[in-house]
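> requesting a structural model of the entry that follows:
(one chain, ligands or ions: 1)
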Amino acid sequence: MEIKKNIELKDYLTMKIGGKAAYLVDITNKHDVVDVMNWVKEHHIKFFVLGGGSNTLAKDEGFDGIIIHNMIKGIKKIHEDSTSATFCVGAGEILDHFIHYTVQNNLSGMEAMSMIPGTIGATPVQNVGAYGQEIADTFVELTAYDTSTNEFVTLSKKDLHFSYRNSILKHEAWGRYIICDVTVCLNKSLPKPPFYAQVQKTLDEQDIHDYTPQTIRETVIKIRTQKLPDPHLIPNSGSFFKNSVITTEQLNELNKEYPELKGFVVDENHVKISTGWLIDQSGLKGQKIGHMRVHDKNALVLTNLDAKSYHDLASAREIIKARVYERFGITIEQEVLEIA
Ligand SMILES: Cc1cc2nc3c(=O)[nH]c(=O)nc-3n(C[C@H](O)[C@H](O)[C@H](O)COP(=O)(O)OP(=O)(O)OC[C@H]3O[C@@H](n4cnc5c(N)ncnc54)[C@H](O)[C@@H]3O)c2cc1C
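Model prediction:
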């Protein structure tokens, strides 16, 4: 286990912005986890666990601690019967590589999550999902190092309290666990409609009626390629803002002017609305704001044109927030997590 010093964080983050980390270590197995946590205690230093860096930002001042870069690999089939197959997957495995593997084996359950960047270890954190599937659907359990008790623990689906793009790992347990592997159970039966509306539309347009994990994966890849910037070519962190929760009265008021705006019930007094729509209606879709740009196909995505600093990004973010507030009186919130 080599502890590297003075590492450029932007090289590890898909937004390609941020200062330096004092230390960084690549961990490849559970022994490394124990060793690095002993080192952390010895040096009284902060730590932050990083996977593919596709949902994480770093400030210009960097991180005065150690980045634990999870590279624990391995795909093990631990159970199989006539209807399903269960795999224990190293947290550092690339999510899309694993999905490709399951699809090649004609297993369904994760094919609609194709092309989501990042590692499988990060998926339980925000219950990652897309096009009608989320990790909670196939998740069985995970193994993690609990940094508050210094022991390895197994956490079940029930322990994690998954909800829409959420789990306890993003809130009360944020930063507590170093996830080492994730166990998922895939289905041997073929994917069945109803599919997410846009997936069905694209399947129909291609005259595909043979619904297999492979055809769904290819369709999702086709949709995502058209709608989302490839972080390898255009730095970004996916959805930069959260969808907005407003009161039912606010929605009723907005619907007088914008009858097309839909609200999705959160509770009896609140609804969730599309923040992409708010940004679009504020005239910002496709707009260049300083060194950043609001993506022209999806206003929720902020891309890095030629920003060199977090400051450039923060300036653009504040302009977008102010414009939406001015137009609608709604404060939009950042979705992407920050190293702290
Ligand atoms: C172009 C693009 C499209 C995207 N589309 C989607 C989408 O459709 N749906 C969706 O849900 N997300 C999407 N995302 C967001 C992102 O891909 C997911 O959040 C993904 O799970 C992040 O994985 P990562 O390995 O890059 O995580 P990182 O950014 O490295 O980490 C994210 C968080 O998880 C924690 N973490 C990571 N690994 C571990 C571990 N082993 N143990 C403990 N904590 C850990 C980190 O501390 C951090 O808080 C998209 C991002 C991009 C850039």
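> all contacts plus neighbour counts: C-alpha atoms, from now on.
Fine.
> and Val33, what are its phi and psi?
Main-chain dihedrals, Val33, degrees, to the nearest 10: phi -60, psi -50.
> can you check Asp26 too?
Per degrees, to the nearest 10, the backbone of Asp26 is at phi -90, psi 120.
> now do the contacts for it.
1-3, 68-71 (C-alpha atoms under 8 Å, 6 or more residues apart in numbering).
> 6 Å instead?
His69 (C-alpha atoms under 6 Å, 6 or more residues apart in numbering).
> and it, bridged to which residues?
Assessed by DSSP bridges, Asp26 has beta-bridge partners His69.
> could you report the distance from it to Ala122?
16 Å (C-alpha to C-alpha, to the nearest Å).
> what does the stretch 151-300 of the chain put close to the ligand?
177-180, 228-231, 236-238 (C-alpha under 6 Å from any ligand atom).
> tell me how many other residues crowd Met1.
If you count neighbours by other C-alpha atoms under 10 Å, Met1 ends up with 13.
> quick one: pLDDT of it?
On pLDDT, Met1 comes in at 84.
> show me where the stretch 101-250 of the chain has strands.
129-130, 133-134, 139-146, 151-156, 177-187, 236-239, 244-247 (DSSP state E, counting those that start in this stretch).
> possible to save the ones you listed as CSV with distance to Asn105?
Shown next, in CSV, are the strands of the stretch 101-250 of the chain (distance: least, C-alpha to C-alpha, whole Å):
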stretch, distance to Asn105
strand 129-130, 21
strand 133-134, 18
strand 139-146, 18
strand 151-156, 25
strand 177-187, 10
strand 236-239, 28
strand 244-247, 39
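> looking at the residues of the stretch 151-300 of the chain next to the ligand, which is nearest Phe195?
Distance to Phe195 across those (C-alpha to C-alpha) is lowest for Leu228, with 20.1 Å.
> about what we covered before: to Val103, which of the strands of the stretch 101-250 of the chain lies closest?
strand 177-187 (9.9 Å).
> domain assignment for the chain?
3-70, 75-227, 236-338 (automatic domain parsing).
> any idea how far the ligand is from Asn150?
Counting by C-alpha to the nearest ligand atom, to the nearest Å, the separation of Asn150 from the ligand is 14 Å.
> coming back round to it: JSON lines for the strands of the stretch 101-250 of the chain, including mean pLDDT, mean neighbour count and distance to Glu8?
What follows is the strands of the stretch 101-250 of the chain, written out as JSON lines (pLDDT from 0 to 100; neighbours: other C-alpha atoms under 10 Å; distance: least, C-alpha to C-alpha, whole Å):
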{"stretch": "strand 129-130", "mean pLDDT": "94", "mean neighbour count": "18", "distance to Glu8": "29"}
{"stretch": "strand 133-134", "mean pLDDT": "95", "mean neighbour count": "20", "distance to Glu8": "32"}
{"stretch": "strand 139-146", "mean pLDDT": "98", "mean neighbour count": "20", "distance to Glu8": "26"}
{"stretch": "strand 151-156", "mean pLDDT": "98", "mean neighbour count": "14", "distance to Glu8": "30"}
{"stretch": "strand 177-187", "mean pLDDT": "98", "mean neighbour count": "23", "distance to Glu8": "22"}
{"stretch": "strand 236-239", "mean pLDDT": "97", "mean neighbour count": "24", "distance to Glu8": "17"}
{"stretch": "strand 244-247", "mean pLDDT": "93", "mean neighbour count": "18", "distance to Glu8": "33"}
